[in-house]
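[1] Okay, here's the prediction I keep looking at, along with the sequence it came from:
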Amino acid sequence: MKKLVNGQRSTVNGQQSTVNRQWTVDSGLWTATKFVISILFICSSFYATSQDYKKQYKHAKDLFEEGKFSDALDAFRPLMMYDRNNPYPEYAGFYTALSAQRLGFITLAKETLLQTKKIYPAWDQLDEVNYWLVKIYLDQREYFRALTLARDIKNQTITKELEMLKRSAFSKIDDVETLKMLHEENPADFEVLRALAVTLGKNFTPENDQLLDSLTKMFGWNKKDFAVEDHAPVFKEKYKVALLLPFRVNSLDPTPSIKRSQFVIDLYQGMKLAADSLLFEGTQIDLLAYDTDHDLEIIKKLVKEPELKTTDLIVGPLFQEDTKWVNNLAVANQINMVANPVSSNIDLLNQNPYSFLFQPSHATLGRASAEITAKRASKKSCFVFYGDSPKDSILAWSFIRQANKLGLKIRYVEEVHAENSADILATLATPTDYDEWKNPKQFKLKLDSLGSIFVASDDPLIYTKVINSVETRGDSILVIGQESWLEDGTVNFTKLEKIKSIFAAPNYSSVTSSPYLQFRKKYLHKHGLLPSAYAEKGFEFTMMMGHAFKKYGAHFQEGLTKEKLNGVLSGGYQMQDTRDNGVVPFVIFRKGLLVPVSQP
């Protein structure tokens, strides 16, 4: 029984096992089918989700293009969320920012663009993002940030559009200093340079005009295109000229002897005579004389005088070490200033945009000397001798630089000191052959082998040795010297005429001209003696300043940069970029008289 039952159960179990095996097969088929269905369902769901994002993005984009920026802003925002099925978060962020920008929500626009850059640093549309950030920064006058960001943009099409944005933004800047700083940080940015030039033209000061000249020459621009405004001249019935000069009144005495400050007294007397002549012409100049006594403590007190702040021109205090406090006064009150009307020292300007030289600077004299040498020397070879003072060095090396540009061959350059001054004679006039009367007929430096000698010094120890050497040689060497040689009388004028020397003479006056004869007659009548060179210079300086006031008004520097002002006794005045006189006459002796080189 037991076995039967067990057998039956076994049969049953066997059947059951068969059934179970069948179920297992069926179950496997169902599981596979279910897996496939699941995959299809997931794919279907993904496709459906992608289609939803695409529809949402297209809808938002349509709203943006229709100008419905508020609705577009709401529509783009959900698309900014990260989802692996969402291919549009970068674009959504970008258009969210643009929508906000169109609606005037500038802070939201800026922050959204910055966030887009931060989250998607490798996005290939970052140039577009940067473009709109630059625009926002420019609109908010954050110019330095805008230009820093603009340098990251590489797309040339966008770069061209950006130039127009910058031009529009920079045209609204009327502060020269802001543009100067932008230029310092972005020296190659064309739109910054252009805006700076335009703004300089609208805001005339001598310093601004000088910088505008530099920019226009650098880029080949026409200055008139930028100097869009002519500032109305300020004309007055009376112009006040303050003379801060070392008269040294306490040392003066009534005797006819030469005074310690004689050159200053002569200068002042020439100025007073000019003021009288100008009054006759209809221009009133009040000369306000202050004695500085060449004392810095006195100068510090003088510059506090209220009267000085209302003057139209300051002359003095002559010496460079005394100029600091007067320069500060001139800058603070925008007063034209000539620290020393008889000096060529460019250092007197001392970074003061209202200060200028009445004389040509030493550098200008050197350049002009090279130019006339290149025209008149029979040969291109040239020697240069100069003294050990700073002004001699400037004069010499300015000559050499310009001479090289003009094709002159500088064969020898020597700085001459007292102990080696005899070397000049040895270099130029060492004979190697004599005639039957023991006169040298050939030299170590062969005759007619040298075209010219430029002497950059007013030291007689130097220039007399050059002149004597050239006279001894007897050949055709051209010597170019300074007008100071003619004032000290060290060299006989006959000798200077014999060797045909020419001289840079910015203060040359023809003693036979009608204006000079009238000046000398008036001076002699008033003072009982003939005018000195300083009296002549004081007269000419004041006459020309008076004519500048009459023609251009109180702020005459602007006019002096535009055209030459004719002189009364001298060759005139033309202000250069370096704020010195660019007019340099040259003279030569002819039949015992000094005449301009250009005169036949």
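    Right, received. Where do you want to start?

[2] now the helices: where do they sit in the stretch 101-250 of the chain?
    Using DSSP state H, counting those that start in this stretch, the helices of the stretch 101-250 of the chain run over 106-119, 126-139, 143-150, 156-170, 176-185, 190-202, 206-219.

[3] Would you single out the least confident of those helices?
    With a mean of 82, helix 206-219 has the lowest mean pLDDT of these.

[4] can you give me the angle that one makes with helix 176-185?
    If you take axes from the mean of the first three to the mean of the last three Cα atoms, to 10 degrees, helix 206-219 sits at 40 degrees to helix 176-185.

[5] the inter-axis angle of helix 206-219 versus helix 190-202?
    Angle, helix 206-219 to helix 190-202, by the same axes, to 10 degrees: 140 degrees.

[6] sorry, back to before: CSV please, covering the helices of the stretch 101-250 of the chain and showing distance to Lys405 and mean neighbour count.
    All C-beta atoms are positioned from the backbone trio N, CA, C, and that covers glycine. Listed next are the helices of the stretch 101-250 of the chain as CSV, based on distance: least, Cβ to Cβ, whole Å; neighbours: other Cβ atoms under 10 Å:
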stretch, distance to Lys405, mean neighbour count
helix 106-119, 52, 17
helix 126-139, 43, 20
helix 143-150, 37, 18
helix 156-170, 36, 15
helix 176-185, 29, 15
helix 190-202, 27, 20
helix 206-219, 16, 17
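
[7] Including distance to Lys68, could those go into TSV?
    Listed next are the helices of the stretch 101-250 of the chain as TSV, based on distance: least, Cβ to Cβ, whole Å:
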stretch	distance to Lys68
helix 106-119	17
helix 126-139	19
helix 143-150	29
helix 156-170	25
helix 176-185	38
helix 190-202	35
helix 206-219	47
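
[8] who wins for proximity to Ala535 among these?
    Ala535 sits nearest to helix 206-219 of all the helices of the stretch 101-250 of the chain, at 29.0 Å, using Cβ to Cβ.

[9] Going by contacts, tell me the helices and strands next to that closest one.
    helix 190-202, helix 557-562 (3 or more Cβ pairs under 8 Å, 6 or more residues apart in numbering; DSSP states H and E).

[10] Dump the ones you listed into JSON lines; add distance to Ala274 as well.
    Output for the helices and strands packed on helix 206-219, formatted as JSON lines (distance: least, Cβ to Cβ, whole Å):
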{"stretch": "helix 190-202", "distance to Ala274": "34"}
{"stretch": "helix 557-562", "distance to Ala274": "18"}
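
[11] Just the element for the closest residue to Val466 other than its chain neighbours, please.
    Using Cβ to Cβ, 6 or more residues apart in numbering and skipping the chain neighbours, the partner closest in space to Val466 is Val455 (5.3 Å). For Val455, the element it lies in under DSSP states H and E is strand 452-456.

[12] buried residues in the following helix or strand past that strand?
    The helix or strand immediately downstream of strand 452-456 is helix 460-473, counting by DSSP H and E. Of the residues in helix 460-473, Ile462, Tyr463, Thr464, Lys465, Val466, Ile467, Asn468, Ser469, Val470, Arg473 count as buried by neighbour count, 16 or more other Cβ atoms under 10 Å.

[13] and helix 460-473, what does it pack onto?
    strand 381-386, helix 423-429, strand 452-456, strand 478-482, helix 484-488, helix 493-498.

[14] Of these, which stretch is the most buried?
    Burial of these is given as mean neighbour count (mean count of other Cβ atoms under 10 Å); strand 452-456 ranks first at a mean of 28.

[15] hmm, back to that, Glu371 is nearest to which of the helices and strands packed on helix 460-473?
    Glu371 sits nearest to strand 478-482 of all the helices and strands packed on helix 460-473, at 10.6 Å, using Cβ to Cβ.

[16] quick one, that closest one and strand 452-456 angle?
    Using the same axes, to 10 degrees: strand 478-482 against strand 452-456 is 10 degrees.

[17] who does strand 478-482 pair up with?
    strand 452-456 (parallel), strand 502-504 (parallel) (DSSP bridges).

[18] Could you dump those strands into a markdown table with mean pLDDT and distance to Ile136 added?
    A markdown table is the format used below for the strands paired with strand 478-482 (pLDDT from 0 to 100; distance: least, Cβ to Cβ, whole Å):
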| stretch | mean pLDDT | distance to Ile136 |
| --- | --- | --- |
| strand 452-456 | 98 | 59 |
| strand 502-504 | 97 | 59 |
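
[19] Glu321 and Thr178, how far apart?
    Going from Glu321 to Thr178 by Cβ to Cβ, to the nearest Å gives 35 Å.

[20] do Leu408 as well
    46 Å.

[21] Show me the chain divided up by domain.
    Using automatic domain parsing, the domain parsing of the chain gives 65-225, 234-360+511-577, 362-504.

[22] Could you pull up the residues touching the residue most central in space within the chain?
    For the chain, the residue nearest the mean C-alpha position is Leu211 (4.2 Å; Cα atoms, centre = their mean). Contacts for Leu211 (Cβ atoms under 8 Å, 6 or more residues apart in numbering) come out as Leu196, Leu200.

[23] Select, out of the helices and strands packed on helix 460-473, the one closest to Asp293.
    For Asp293, the closest of the helices and strands packed on helix 460-473 is helix 484-488, at 26.2 Å, according to Cβ to Cβ.

[24] Show residues contacting that closest one.
    Against helix 484-488 from outside (Cβ under 8 Å, 6+ apart): Asp458, Pro460, Tyr463, Val491, Phe493, Leu496, Phe503, Ala505, Ala533, Leu594.

[25] what's the spatially closest residue to Ile136 that is not a sequence neighbour in contact with, if anything?
    Among residues not flanking Ile136 along the chain, Lys110 sits closest, at 5.1 Å (Cβ to Cβ, 6+ apart). Contacts for Lys110 (Cβ under 8 Å, 6+ apart) come out as Ala97, Leu133, Ile136.

[26] can you tell me which of those residues lies nearest to Ala195?
    Nearest member of the contacts of Lys110 to Ala195, counting by Cβ to Cβ, is Ile136, at 19.3 Å.

[27] Look up how far Ala146 lies from the closest one.
    Counting by Cβ to Cβ, the separation of Ile136 from Ala146 is 8 Å.

[28] Next: Asp580.
    40 Å.

[29] give me the element the closest residue to Ile502 other than its chain neighbours is part of.
    Nearest non-adjacent residue to Ile502, counting by Cβ to Cβ, 6+ apart: Ile588, 4.8 Å away. For Ile588, the host element (DSSP H and E) is strand 586-590.

[30] Distance from that strand to the middle of the chain?
    Relative to its parent chain, strand 586-590 has a centroid offset of 37 Å by Cα atoms, centre = their mean, to the nearest Å.

[31] ok, back up a step: closest one to Gly201 among the strands paired with strand 478-482?
    Gly201 sits nearest to strand 502-504 of all those, at 34.3 Å, using Cβ to Cβ.
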